[in-house]
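Peer 1: Predicted structure and sequence below. I'll ask about it afterward.
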Amino acid sequence: MSSITPVAGGQRPAENDHRWLVLVIVAVAQLMVVLDATVVNIALPSAQHALGFPNSDRQWVVTAYALAFGSLLLVGGRLGDMFSRKRVFITGLAGFALASALGGAATSFGMLVAARTLQGAFGAILAPAALGTLVSTFRDPRERGRAFGVFGSVAAGGGAVGLILGGVLTQYFSWRWCLYVNLFFAAIAVIGALAYMRSNRPERRPRMDWAGAVLASAGLFLIVFGFSRAETAGWTAAMTIGSLAGGVILLAGFAFAESRVSHPLLPLRVVLDRARGGSYLSVGLTGIAVFGVFLFLTYYLQQVKGYSPVTSGLAFLPMIACILLSSNTSSIVLLPRVGPRALIVTGMLLGGGGMTYLTQLTVTSSYAADIVAMGLGFGMIFSPAINTATAGVARQDSGVASALVNTMQQVGGSIGTAALSTVALTATASYLAAHHAGPLAPATAAVHGYTVAFTVSAVLFGVGALAAVLLLPSRRRLEELRNPALAGGAASATSPSLTDSLSADDRIRTSDPR
């Protein structure tokens, strides 16, 4: 018999009777992973002062995490498909906690960077296992909408939460607690996983595509490293160009190899479906643009406006509240009614409009009210996109499909942080060269750099809106992805073209006589 049970008519209830507790556990784990990308940013000046490393090295505290996380996510996702997802989830939690403890106890720059690298590696195991658990636990469309509303809120708002938490811990305790705090998150999630998550080992264990794993990991590593290198060495440096070119070549080789092997690391059927491909692209473009908002607004509030770390973090609260409201409303109420295309296009336009407003920022500007609009927009993008990207995925592919969501978000965020920082620094230097006089010249130049970066982000949101119009599915298509049996019935009742539009894995599951 097939290991995939089709869902026809009414959706069967989730296999886990504690599915809402599982949602809480998964959300705690995801929050720990997401906020760790930003919580260290605010603590970095204090860590640098305590450990005595130069400005030229401080970027590696952030980059080491991003390199390990982004390059190993697809491998981590496949591990969840090969073994019991519960065990993979707990292993990721335990490893992330131990790496955090090592970083909190760091006595040298090298020890801190090594700990951040280990955090990224175990995060790459943990993040896809968390989302894969959510995908396999919630099958009913309405419950799935609620679950992904919560998960999308964490994915979109976790970075801002990290800024607030990092400010509080750094100002009132120590920068080390920005790492030690992960021990509490991990302990809660491990206890919950042991008590409420069920072990669901696959009937037939997929093989690991080692050639694909090497190509994908090395390619993603070089892409992230190249953009990170551009921030300090410039876009024309040989190392920057070589890393980016090498990464593109390796990823092209990876795509070619995956079409030739019998057990691919990333089955192309997962991404070649237009609905899922459009969702992955939406998450990636938004990640590039959004992480720049948190970074540059943090710099603006602390270095230009003179806010404390805590006050700077609290300034993001309206955005977090809007993300929570928009994420849950769009995923639970609006997605079943209007489909992902309308929601994500609207979210892109709101995000782009907010970025356009920020391009008018000056040294004397008051608190930016447009972050409310941006928060609403971000919530309307992430939850529907993550929901659509994992809709209709076969059990044996759910881990790697979930990993690809995290890959697009985290690699997009890493690229955005490095690339937009380079753009901002270049614009700042050019402005200072032309307007170097006056006591406010440095602050004015810095703000000019931020506004140029916001302009680039606005353009990215515009590209994202256009891509969403062309690629993302309607409400009916999303229903077909969620319920393959319905899609098969609709195809036979209307025209063969509808069947042709289904992805390969959907057709296999609807026609498999077993």
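Peer 2: Right, received. Where do you want to start? Since the model is a prediction, treat every value here as computed from it, not as a measurement. Numbering: from 1, shown residues only.

Peer 1: contacts, neighbours, all on C-alpha from now
Peer 2: OK.

Peer 1: Enumerate the positions of the host helix or strand of V459 that are buried.
Peer 2: Taking DSSP states H and E as the criterion, V459 maps to helix 441-471. For helix 441-471, the neighbour count (16 or more other CA atoms under 10 Å) marks 442-465, 467-469, 471 as buried.

Peer 1: can you tell me which residues contact the nearest residue to R85 once chain neighbours are set aside?
Peer 2: Spatially, and ignoring its direct neighbours in sequence, R85 is nearest to A129 (6.0 Å; CA to CA, 6 or more residues apart in numbering). With contacts defined as CA atoms under 8 Å, 6 or more residues apart in numbering, A129 is in contact with G76, G77, G80, R85, K86, V88, F89, G399, S402, A403.

Peer 1: does the fifth one really touch M197, like I thought?
Peer 2: Yes. Here K86 reaches M197: they are 6.5 Å apart, a contact under CA atoms under 8 Å.

Peer 1: May I have the helix or strand hosting P384 as PDB, with CA atoms only?
Peer 2: For P384, the host element (DSSP H and E) is helix 371-389. Taking C-alpha atoms only, helix 371-389 is exported to PDB below (Å, rounded to 0.1, in the frame of the first residue of the first chain):
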ATOM      1  CA  ILE A 371       5.900  51.000  10.100                       C
ATOM      2  CA  VAL A 372       2.300  50.100  10.900                       C
ATOM      3  CA  ALA A 373       1.600  49.700   7.200                       C
ATOM      4  CA  MET A 374       4.800  47.700   6.700                       C
ATOM      5  CA  GLY A 375       3.900  45.400   9.600                       C
ATOM      6  CA  LEU A 376       0.500  44.800   8.000                       C
ATOM      7  CA  GLY A 377       2.200  44.100   4.700                       C
ATOM      8  CA  PHE A 378       4.800  41.700   6.100                       C
ATOM      9  CA  GLY A 379       2.000  39.600   7.900                       C
ATOM     10  CA  MET A 380       0.100  39.400   4.600                       C
ATOM     11  CA  ILE A 381       3.200  38.000   2.800                       C
ATOM     12  CA  PHE A 382       4.800  35.400   5.100                       C
ATOM     13  CA  SER A 383       1.800  33.400   6.400                       C
ATOM     14  CA  PRO A 384       0.100  32.900   3.000                       C
ATOM     15  CA  ALA A 385       3.400  32.300   1.300                       C
ATOM     16  CA  ILE A 386       4.600  29.600   3.800                       C
ATOM     17  CA  ASN A 387       1.100  28.000   3.700                       C
ATOM     18  CA  THR A 388       1.100  27.800  -0.100                       C
ATOM     19  CA  ALA A 389       4.700  26.700  -0.400                       C
END
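
Peer 1: Check the offset of that helix from the chain's centre.
Peer 2: The chain centre lies 12 Å from the centre of helix 371-389; the measure is CA atoms, centre = their mean, to the nearest Å.

Peer 1: can you give me the angle that helix makes with helix 441-471?
Peer 2: Relative orientation of helix 371-389 versus helix 441-471 (axes from the mean of the first three to the mean of the last three CA atoms, to 10 degrees): 40 degrees.

Peer 1: tell me what helix 371-389 is packed against?
Peer 2: helix 141-172, helix 274-299, helix 317-328, helix 335-358, helix 398-434 (3 or more CA pairs under 8 Å, 6 or more residues apart in numbering; DSSP states H and E).

Peer 1: any idea of the angle the first one forms with helix 317-328?
Peer 2: It stands for helix 141-172. 160 degrees.

Peer 1: Also the last one?
Peer 2: Computed with the same axes, to 10 degrees, the direction of helix 398-434 lies at 150 degrees from that of helix 317-328.

Peer 1: swap in the second one?
Peer 2: Between the direction of helix 274-299 and that of helix 317-328, the angle (the same axes, to 10 degrees) works out to 170 degrees.

Peer 1: Mind giving me the packing neighbours of the helix or strand just after helix 274-299?
Peer 2: Toward the C-terminus, helix 274-299 is succeeded by helix 309-314 as the next helix or strand (DSSP H and E). With contacts defined as 3+ CA pairs under 8 Å, 6+ apart, helix 309-314 has these neighbours: helix 141-172.

Peer 1: For the helix it packs on, name the packing helices and strands.
Peer 2: The contact analysis (3+ CA pairs under 8 Å, 6+ apart) places helix 141-172 against helix 19-51, helix 177-196, helix 274-299, helix 309-314, helix 317-328, helix 371-389.

Peer 1: Which one of those lies nearest to T236?
Peer 2: helix 274-299 (21.0 Å; CA to CA).

Peer 1: So what angle separates the directions of the closest one and helix 19-51?
Peer 2: Going by the same axes, to 10 degrees, helix 274-299 makes 40 degrees with helix 19-51.

Peer 1: Mean confidence (pLDDT) on helix 274-299, please.
Peer 2: Throughout helix 274-299, pLDDT has a mean value of 80.

Peer 1: quick one: that helix to chain centroid distance?
Peer 2: Computed by CA atoms, centre = their mean, the chain-centroid distance of helix 274-299 equals 8 Å.

Peer 1: Tell me which residues of that helix come out buried.
Peer 2: Across helix 274-299, burial judged by 16+ other CA under 10 Å covers 274-299.

Peer 1: Measure how that helix sits relative to helix 335-358, angle-wise.
Peer 2: Using the same axes, to 10 degrees: helix 274-299 against helix 335-358 is 40 degrees.

Peer 1: Report the separation between R207 and K86.
Peer 2: 19 Å (CA to CA, to the nearest Å).

Peer 1: more crowded one of those two?
Peer 2: For R207 versus K86, neighbours defined as other CA atoms under 10 Å are more numerous around K86 (22 against 14).

Peer 1: Tell me the secondary structure at that one.
Peer 2: The assignment at K86 comes out as helix when based on DSSP: H, G, I helix; E, B strand; the rest coil.

Peer 1: Please report how far it lies from R198.
Peer 2: K86 is 7 Å from R198, by CA to CA.

Peer 1: do I25 as well
Peer 2: According to CA to CA, I25 stands 13 Å off from R198.

Peer 1: Likewise for A465?
Peer 2: Distance of A465 to R198, given as CA to CA: 39 Å.

Peer 1: With T298 instead?
Peer 2: Distance, T298 to R198, by CA to CA: 41 Å.

Peer 1: residue contacts, F122?
Peer 2: F122 neighbours (CA under 8 Å, 6+ apart): F69, G92, L93, G95, F96.

Peer 1: Neighbour-wise, give me the winner out of those.
Peer 2: Comparing the contacts of F122 by number of neighbours (other CA under 10 Å), F69 comes first, having 31 neighbours.

Peer 1: which of I25 and R198 has more neighbours?
Peer 2: More neighbours surround I25 than the other of I25 and R198, with 23 against 19 (other CA under 10 Å).

Peer 1: Tell me who's in contact with that one.
Peer 2: Contacts of I25 by CA under 8 Å, 6+ apart are I188, A189, G192, A193.

Peer 1: Can you turn the buried part of these into a ChimeraX selection?
Peer 2: The buried residues among the contacts of I25 can be selected in ChimeraX (16+ other CA under 10 Å) with this line:
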select :189,192,193
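
Peer 1: With distance to G353 and pLDDT added, can I get the contacts of I25 in TSV?
Peer 2: Shown next, in TSV, are those (distance: CA to CA, whole Å; pLDDT from 0 to 100):
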residue	distance to G353	pLDDT
I188	39	89
A189	38	87
G192	41	85
A193	41	84
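
Peer 1: Need the contacts of I25 in CSV (columns: distance to C322).
Peer 2: Output for the contacts of I25, formatted as CSV (distance: CA to CA, whole Å):
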residue, distance to C322
I188, 27
A189, 26
G192, 29
A193, 30
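
Peer 1: any idea which of the contacts of I25 is the one closest to L165?
Peer 2: Out of the contacts of I25, the member with the shortest distance to L165 (by CA to CA) is I188, at 17.6 Å.
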